[in-house]
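Participant: Next come a sequence and a model predicted from it.
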Amino acid sequence: MIPGTFDYHRPASVEDAVALLARLGEEANILAGGHSLIPLMKTRLASPEHLVDLSGIGNLKGISVTGNDVVIGAMTTQFELISSEELGRHLPIIAETSRLIADPQIRYKGTFGGNVANGDPGNDMPALMMCLGATYAVTGPDGSRDIAARDFYQGAYFTALVHGEILTAVRIPIPSPDHGYAYEKLKRKVGDYATAAAAVVITMAGGKCTSASIGLTNVSETPLWASDAAALLVGTSLDKVSVDAAVAAAEAITQPASDMRGPAEYRTKMAGVMVRRALERAQSRAKG
Amino acid sequence: MAKSHIELTINGRKVEALVEPRTLLIHFLREQQNLTGAHIGCDTGHCGACTVEMDDMSVKSCMTFAVQANGANITTIEGMANPDGTLSALQEGFRMMHGLQCGFCTPGMILRAHRLLQENPAPTEDEIRNGIAGNLCRCTGYVNIVKAIQYAAAKINGTPFQEAAE
Ligand SMILES: Cc1cc2nc3c(=O)[nH]c(=O)nc-3n(C[C@H](O)[C@H](O)[C@H](O)COP(=O)(O)OP(=O)(O)OC[C@H]3O[C@@H](n4cnc5c(N)ncnc54)[C@H](O)[C@@H]3O)c2cc1C
Ligand code: FES
Ligand code: FES
């Protein structure tokens, strides 16, 4: 499988990349790790005339802490997310999720920015970013703006990014050090996208849940933030009745496709099972 | 469409070439460089037969454009033997432990195992199995591949080789 022809560009700064994308117009696409885009190009589902490779832009890489946020550069690879001690201290759920993405080779090249900007509901990071309340920093011809992860995903491969905008970094508020977390993913084999997956972050105090957030992967056209389900947990001891109610509320917002991963009804039920398992594991990790 | 000029190092040798931007690294290596050790198994990023080392990463060369390797340092199976031509510890391990049958997956397995041992010189069996999770073998059932990597780790570390229980 050979992709169609294109011209290759490798700018050295975000400004140059933005100018190139503006000049080249709609037929230009951004290339990060290429591990979502190249498969599409090989099957000719995508045939951009120009690729603007971001890998020559040094300041798009790296993980830092600014105030109460962790800031992750778009070109940081999934391998780097797993290896970062600082990230592991503040937001261990990111490494836990990254380890469930694809396989080691793909994680060396696949970038965090590509994973969240791609807009494929099968990508694992978007639901996690919705769960964590992340903000995406983007730069385009008209300057820079922030977009909340929870407002970013509008349909399959359809996001709030407009052509010519580059996602430069993601800001994630650091949760309380006592928080409990888990990402649970059901997949048929290594390297498979989720049949269903759930990201859960909770805090507990005196045996009661004081906050909860739930994201769901690959059970709708977009990743989902299950805010109603999470609200049903706050103030409870995560007893069976409350968890059952939250699981039902999470299942209610899913609209999965029937595909080789199973019929829609099954995938909805699996989303519920992932939420339940993630809650159990998050509770066992929460202090307080 | 303009061709791109690339300069890279392959198995210690400096290489300059003109490539079409759409040329995949695996095709560049196999067809322009006559390095046919890395194989095309699935062509979809799943099987790992095309794995090569690129700047301290193991990458699937069927999912990478040759232009993305501009400036990179690449190692393929052709560059894995010791400088005197004898087998490297990993190659010896695959031979001694019967870590291959048809051999189609072996170049990818060895390159992936090479990076794994650079990052984790004494991996547990579990870590080996997770480390080669992106490499499929249709013949061996993996048991002897795991042993081959354990053999190589022991040889490199100068520790006694203990076969994992089956
Ligand atoms: C075999 C295989 C299995 C996989 N399994 C999984 C899995 O289980 N879970 C999962 O989440 N992913 C999976 N992936 C996808 C992988 O994680 C991708 O690498 C990742 O989703 C995209 O990152 P990339 O850097 O490769 O992006 P690219 O492929 O380079 O880009 C993807 C899209 O995003 C756009 N883009 C990239 N960066 C930016 C940016 N900074 N600003 C604006 N737009 C941008 C590109 O234009 C393109 O349209 C798999 C891939 C393969 C090949
Ligand atoms: S040929 Fe590249 S992963 Fe199978
Ligand atoms: S030895 Fe035949 S595929 Fe592995």
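Facilitator: Nice, thanks for sending it over. Ligands and ions are numbered 1, 2, ... in the order given.

Participant: tell me the domain boundaries of chain B?
Facilitator: Domain ranges of chain B: B:4-79, B:89-157, per automatic domain parsing.

Participant: cool, chain A as well?
Facilitator: If you go by automatic domain parsing, chain A breaks into A:7-56, A:58-173, A:182-285.

Participant: ok so, going back, please dump the domains of chain B into TSV; it should also carry mean pLDDT for every row.
Facilitator: TSV is the format used below for the domains of chain B (pLDDT from 0 to 100):
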stretch	mean pLDDT
domain B:4-79	98
domain B:89-157	97
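
Participant: Include mean neighbour count when you put the ones you listed into a markdown table, please.
Facilitator: The way it works is simple: take the backbone N, C-alpha and C, and place the C-beta from them, glycine included. Shown next, in a markdown table, are the domains of chain B (neighbours: other CB atoms under 10 Å in any protein chain shown):
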| stretch | mean neighbour count |
| --- | --- |
| domain B:4-79 | 20 |
| domain B:89-157 | 20 |
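
Participant: Could you save those as JSON lines and add columns showing distance to residue A:217?
Facilitator: Output for the domains of chain B, formatted as JSON lines (distance: least, CB to CB, whole Å):
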{"stretch": "domain B:4-79", "distance to residue A:217": "19"}
{"stretch": "domain B:89-157", "distance to residue A:217": "20"}
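
Participant: Any idea which of the ones you listed gets closest to ligand 1?
Facilitator: Across these, ligand 1 has its closest neighbour in domain B:4-79 (3.3 Å, CB to the nearest ligand atom).

Participant: The residue nearest to the spatial centre of chain B in helix, strand or coil?
Facilitator: Nearest residue to the geometric centre of chain B (CA atoms, centre = their mean): residue B:111, 2.0 Å. Assigned by DSSP: H, G, I helix; E, B strand; the rest coil, the conformation of residue B:111 is helix.

Participant: Next: residue A:164.
Facilitator: With three-state DSSP as the criterion, residue A:164 reads coil.

Participant: for residue A:41, what are its contacts?
Facilitator: A:3-4, A:47-48, B:22 (CB atoms under 8 Å, 6 or more residues apart in numbering or on different chains).

Participant: distance between the helix or strand where it lies and the chain's centre?
Facilitator: Following DSSP states H and E, the helix or strand that holds residue A:41 is helix A:37-42. Taking the mean of its C-alpha atoms, helix A:37-42 sits 20 Å from the chain's own mean (CA atoms, centre = their mean, to the nearest Å).

Participant: Next, the residue nearest to residue A:141 when sequence neighbours are not counted: phi, psi?
Facilitator: Using CB to CB, 6 or more residues apart in numbering or on different chains and skipping residues adjacent in sequence, the residue nearest residue A:141 is residue A:22, 4.7 Å away. For residue A:22, the backbone dihedrals are phi -70, psi -40 (criterion: degrees, to the nearest 10).

Participant: hang on, residue A:22 packs against residue A:162?
Facilitator: No - at 11.3 Å, residue A:22 and residue A:162 do not qualify as touching, with contact defined as CB atoms under 8 Å.

Participant: And those two? Which one has more around it.
Facilitator: residue A:22 (14 against 10; other CB atoms under 10 Å in any protein chain shown).

Participant: near chain B, which residues of the stretch 1-150 of chain A?
Facilitator: Residues of the stretch 1-150 of chain A lying close to chain B by CB under 8 Å from any CB of the partner chain are A:1-8, A:10, A:31, A:34-35, A:38-39, A:41-42, A:51, A:53, A:55, A:79, A:102-106, A:108-109.

Participant: all helices for chain A, in order.
Facilitator: For chain A, the helices defined by DSSP state H cover A:14-24, A:37-42, A:78-83, A:85-90, A:92-98, A:104-109, A:112-117, A:125-132, A:149-152, A:227-231, A:240-252, A:264-285.

Participant: Which ones among the residues of the stretch 1-150 of chain A next to chain B also lie next to ligand 1?
Facilitator: When CB under 6 Å from any ligand atom is applied, the members of those adjacent to ligand 1 are A:31, A:34-35, A:39, A:102, A:106.

Participant: Nearest to residue B:62, out of these: which one, please.
Facilitator: Within those, the smallest distance to residue B:62 is 9.6 Å, found for residue A:39 (CB to CB).

Participant: Residue B:108 versus residue A:235, what's the distance?
Facilitator: With distances taken as CB to CB, to the nearest Å, residue A:235 is found 53 Å from residue B:108.

Participant: Check which helix or strand the closest residue to residue B:151 other than its chain neighbours maps to.
Facilitator: Of all residues not flanking residue B:151 in the chain, residue B:93 sits nearest, at 3.7 Å (CB to CB, 6+ apart). Using DSSP H and E, residue B:93 falls within helix B:89-96.

Participant: elements contacting that helix?
Facilitator: Applying 3 or more CB pairs under 8 Å, 6 or more residues apart in numbering or on different chains; DSSP states H and E, we find helix B:89-96 packed against helix B:106-119, helix B:143-157.

Participant: what about that helix, near ligand 3?
Facilitator: No - remark: helix B:89-96 sits outside contact range of ligand 3, by CB under 6 Å from any ligand atom, the gap being at least 9.4 Å.

Participant: tilt between that helix and helix B:106-119?
Facilitator: 130 degrees (axes from the mean of the first three to the mean of the last three CA atoms, to 10 degrees).

Participant: Check the offset of helix B:89-96 from the chain's centre.
Facilitator: On CA atoms, centre = their mean, the centre of helix B:89-96 falls 14 Å from that of its chain.

Participant: Pull it out as PDB, backbone CA atoms only.
Facilitator: Output of helix B:89-96 as PDB, limited to C-alpha atoms (Å, rounded to 0.1, in the frame of the first residue of the first chain):
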ATOM      1  CA  ALA B  89      24.400 -11.900  22.000                       C
ATOM      2  CA  LEU B  90      20.800 -11.600  20.700                       C
ATOM      3  CA  GLN B  91      21.500 -13.400  17.500                       C
ATOM      4  CA  GLU B  92      23.300 -16.200  19.400                       C
ATOM      5  CA  GLY B  93      20.400 -16.400  21.800                       C
ATOM      6  CA  PHE B  94      17.900 -16.900  19.000                       C
ATOM      7  CA  ARG B  95      20.100 -19.600  17.500                       C
ATOM      8  CA  MET B  96      20.900 -21.400  20.800                       C
END
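
Participant: from the contacts of residue A:41, which is closest to ligand 3?
Facilitator: residue A:3 (26.8 Å).

Participant: Quick check on the closest one: phi, psi?
Facilitator: phi -70, psi 160.

Participant: show me what contacts it?
Facilitator: Applying CB under 8 Å, 6+ apart, the residues near residue A:3 are A:38, A:41-42, A:44, A:47, B:22.
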